[in-house]
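Participant: Compute the structure for the input listed below.
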Amino acid sequence: MTFRLQRVLWLWAGTLVLALLLILPLATWIRVVLALGALGIAATGWVMAGRRAARLRQSVKLAANVSMPPASFRHPVVLVCGDGLDGLFGTIPDHRLAVRATHQGCYVRVPALDQLPSVTERILALRPGWDAQLSVMFVINPAAHGDRAELAGRMRAFRHQATLAGSHGAALPLMLVSYVRSARGESPWFCWTDGQPDPRVRDAGACSSVADWLRQPLDSSSRAMRVHTGVQLNNAAAWLQEAVLPHFDARADGPDRGLTVCWAIKPVPAVPHAVKGNLWEQWLRDKVALVDTRPTVMKAALPFPDPLLSLIPMRAQRTSVQRACIVAGWMFGLAGSIALGSSAWQNTLLVRQVTDDLRRYAHLSTAGFPAQETSRLRQETEAALHETAQRLDAYHRHGEPLALGLGLYRGDPLRAPLLEALSDPHVSFGPMPVQATEPVRLDSLSLFSPGSARLKPDSTKVLVNALVGIKAQPGWLIVIAGHTDATGDTAQNLRLSRARAAAVHEWILHIGGIPASCFAVQGFGASQPIASNDTEAGRAANRRVDIRLVPEVGACVLPTTGADSQPQSQSRDIQS
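Facilitator: Residues are numbered from 1 along each chain as shown. Below is the predicted model:
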């Protein structure tokens with residue numbers, strides 16, 4: 001992937017994070033901190049991508065009198081590594097890149113196998129559009145090796161480095177090339193493709209079978225020379241199939257499976273850096289009882305496999321753009337999923353709040369009687385309904401916020417029943433002839449860990465004592481209210497107080513055997529302190545859960561014994 005596209009992805013990621021911060025229901029200071037963090041990370045990624053690109057470009061040092069083809073070059077670009085590089089490129093210092101361009105393609109010298117990933121990365125830094133043209137040519141000369149185990153280790157090292165190099169782009173096509181010394185001079189290229197058992201002869205743009213190639217000469221001397229070359233080819237192919245090809249089996253598992261385009265043999269007059277008693281000589285001596293008595297050659301020119309370049313598949317151009325689009329799409333999908341999930345959850349909370357408020361309002365109201373006395377609980381219920389109605393009306397007039405939008409807003413169907421309940425003249429507040437009991441006050445620190453709504457294991461004793469008092473007044477409405485101190489975010493405190501009250505409610509409901517219709521659950525956050533929030537002792541006192549028993553007529557219907565009795569299954573919990 002080009003460094004410009006990497007910068008674009010960093011910018012895209014920062015934009016998505018900022019968009020999420022506008023949608024998620026977070027406190028203002030949290031939004032600011034996260035926005036600054038996202039901008040800082042995106043800016044850091046942008047700068048580092050530019051510096052890395054500049055560093056890689058500066059690290060490319062070409063050999064003398066060598067230039068890289070222009071960016072518009074659209075022929076195969078082959079990274080050459082393995083044996084006999086001096087015969088292909090000449091003697092060049094290892095720290096410099098040697099490039100040879102022909103009419104059919106461009107060859108880049110890789111001095112050592114472990115430099116294949118870095119050379120690939122540097123080539124793409126200079127020519128980002130070449131990622132679809134890159135391929136690898138691995139040269140294996142049997143005359144350059146005297147130890148078969150060492151050769152096997154070298155091939156395993158190459159496979160590992162080729163896999164690393166492929167991580168910078170698409171999987172790199174691979175050509176396996178061997179140069180063998182011929183007794184009759186230079187011959188054409190013999191190559192095997194697609195698992196073909198018989199080779200094809202490629203020379204000067206022509207392609208034919210070995211049988212046709214053997215029949216082509218008219219004079220007997222040329223035909224005899226080709227027959228001799230054919231025998232030598234069979235021996236070289238047998239050696240490659242036994243010692244080399246098993247390490248590059250396209251059926252083998254691994255990240256480089258299926259990358260081999262072809263393997264080819266080129267008979268040449270001399271092979272550079274031949275080793276005395278090499279693997280090729282050992283093969284000839286063991287299999288055909290022949291010994292090559294010709295002197296070894298340290299320097300010899302080798303031809304480039306131009307006739308084979310047409311076999312390299314030219315992958316689709318702009319693959320970097322395609323990969324960047326895929327990554328950007330995944331980022332957008334992840335951000336969209338988070339936004340939709342948050343919007344769906346906020347709408348669920350809104351529906352739950354309005355529904356519980358309406359149920360609570362209907363339960364605490366007695367039709368047909370003028371309001372004489374209003375308890376604090378009933379005043380809070382009416383105030384909550386008015387506040388919710390104003391909020392829904394503002395959403396209806398000016399549009400819902402992004403936290404509730406994205407096509408998931410569910411407040412409009414709730415607006416009509418809410419306004420109808422508030423405008424009903426028959427709904428009024430009845431008297432409360434009996435005063436509610438004093439609340440049972442539970443310290444939050446004895447029940448919950450800081451910032452948590454999960455009951456502690458040792459909170460059972462405190463809750464059992466509260467349950468004894470509740471059991472003493474059967475049939476009364478049990479109002480459980482959660483409170484917090486004034487530190488932290490107001491919305492977070494309100495949610496925490498509701499969650500803690502709900503946890504106490506769930507425990508009593510599970511242990512006490514009291515019907516769910518006997519409970520009302522509330523959360524007030526820090527709106528009802530009983531002490532000053534300026535001191536630690538005051539804040540500790542404000543962090544509490546109150547349990548109040550309200551003698552409301554018909555508020556709680558206890559289950560009766562008998563065959564016809566049915567358990568209470570519908571909860572009458574209230575959340576404010």
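Participant: just the helices in the stretch 251-400 of the chain please.
Facilitator: Counting by DSSP state H, counting those that start in this stretch, residue ranges of the helices within the stretch 251-400 of the chain are 279-287, 319-364, 376-398.
Participant: Show residues contacting the first one.
Facilitator: Just to be clear, that refers to helix 279-287. Under the contact criterion CB atoms under 8 Å, 6 or more residues apart in numbering, helix 279-287 has outside partners 142-143, 145-146, 148, 151, 180-181, 235-236, 238-239, 243, 290-292. In this view, the C-beta of every residue, glycine as well, is placed from N, C-alpha and C.
Participant: For the strand or helix carrying Thr44, name the packing helices and strands.
Facilitator: Taking DSSP states H and E as the definition, Thr44 sits inside helix 28-59. With contacts defined as 3 or more CB pairs under 8 Å, 6 or more residues apart in numbering; DSSP states H and E, the secondary structure elements packing on helix 28-59 are helix 3-23, helix 116-126.
Participant: Now do the buried residues in stretch 200-211.
Facilitator: The neighbour-count criterion (16 or more other CB atoms under 10 Å) identifies 200-202, 210 as the buried residues of stretch 200-211.
Participant: Now flag whichever of those is closest to Pro188.
Facilitator: Looking at the buried residues of stretch 200-211 and their distance to Pro188, the nearest is Val201, at 5.3 Å (CB to CB).
Participant: And whichever strand or helix holds that closest one, what does it pack against?
Facilitator: Counting by DSSP H and E, the element that carries Val201 is strand 200-203. When contacts are defined as 3+ CB pairs under 8 Å, 6+ apart, strand 200-203 packs onto strand 189-193, strand 206-209, helix 210-215.
Participant: and after the last one, which helix or strand comes next?
Facilitator: Tracing the chain past helix 210-215, the next element assigned as helix or strand by DSSP H and E is helix 220-243.
Participant: Name the surrounding residues that touch that following helix.
Facilitator: Residues external to helix 220-243 that are found in contact with it (CB under 8 Å, 6+ apart): 140, 142, 148, 151-152, 176, 178, 180, 182-185, 187, 190, 192, 199, 210, 213-217, 263, 265, 267, 279-280, 283-284, 287-288.
Participant: from the chain's centre, how far out does that helix sit?
Facilitator: Between the mean C-alpha location of helix 220-243 and the chain-wide mean there is a distance of 52 Å, by CA atoms, centre = their mean, to the nearest Å.
Participant: Could you list the domains of this structure?
Facilitator: By the assignment in automatic domain parsing, the chain contains the domains 3-58, 63-317, 339-423, 440-550.
Participant: Any chance of those in a markdown table with distance to Gly333 and mean pLDDT as columns?
Facilitator: What follows is the domains of the chain, written out as a markdown table (distance: least, CB to CB, whole Å; pLDDT from 0 to 100):
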| stretch | distance to Gly333 | mean pLDDT |
| --- | --- | --- |
| domain 3-58 | 10 | 80 |
| domain 63-317 | 23 | 79 |
| domain 339-423 | 10 | 73 |
| domain 440-550 | 28 | 83 |
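Participant: who wins for proximity to Ala328 among the ones you listed?
Facilitator: With distances scored as CB to CB, the stretch of the domains of the chain nearest to Ala328 is domain 3-58 (5.3 Å).
Participant: thinking again about what came up before, what's the spacing between the strand holding Val201 and its chain's center?
Facilitator: A distance of 46 Å separates the C-alpha centroid of strand 200-203 from that of its chain, computed with CA atoms, centre = their mean.
Participant: Adjacent strands (with direction) for it?
Facilitator: For strand 200-203, the paired strands and their directions (DSSP bridges) are strand 189-193 (antiparallel), strand 206-209 (antiparallel).
Participant: picking up where we left off before, for the buried residues of stretch 200-211, work out which two are farthest apart.
Facilitator: Based on CB to CB, the longest span within the buried residues of stretch 200-211 runs between Arg202 and Val210 and measures 11.3 Å.
Participant: Give me the common contacts of those two.
Facilitator: Common contacts of Arg202 and Val210, defined by CB under 8 Å, 6+ apart, comprise Phe190.
Participant: Just the buried subset of the contacts of helix 279-287, please.
Facilitator: Among the contacts of helix 279-287, those scoring as buried are 142-143, 145-146, 151, 180-181, 235-236, 239, 243 (criterion: 16+ other CB under 10 Å).
Participant: Rebuild those as TSV, extending it with distance to Arg109.
Facilitator: Putting the buried ones among the contacts of helix 279-287 into TSV (distance: CB to CB, whole Å) gives the following:
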residue	distance to Arg109
Pro142	21
Ala143	20
His145	20
Gly146	24
Leu151	21
Val180	22
Arg181	22
Asn235	29
Ala236	24
Trp239	26
Ala243	25
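Participant: just these now: which is nearest Arg391?
Facilitator: For those, the nearest to Arg391 is Leu151 (77.2 Å; CB to CB).
Participant: Could you double-check that that closest one sits in contact with His145?
Facilitator: Yes. With contact taken as CB atoms under 8 Å, Leu151 and His145 are classed as touching, separated by 4.6 Å.
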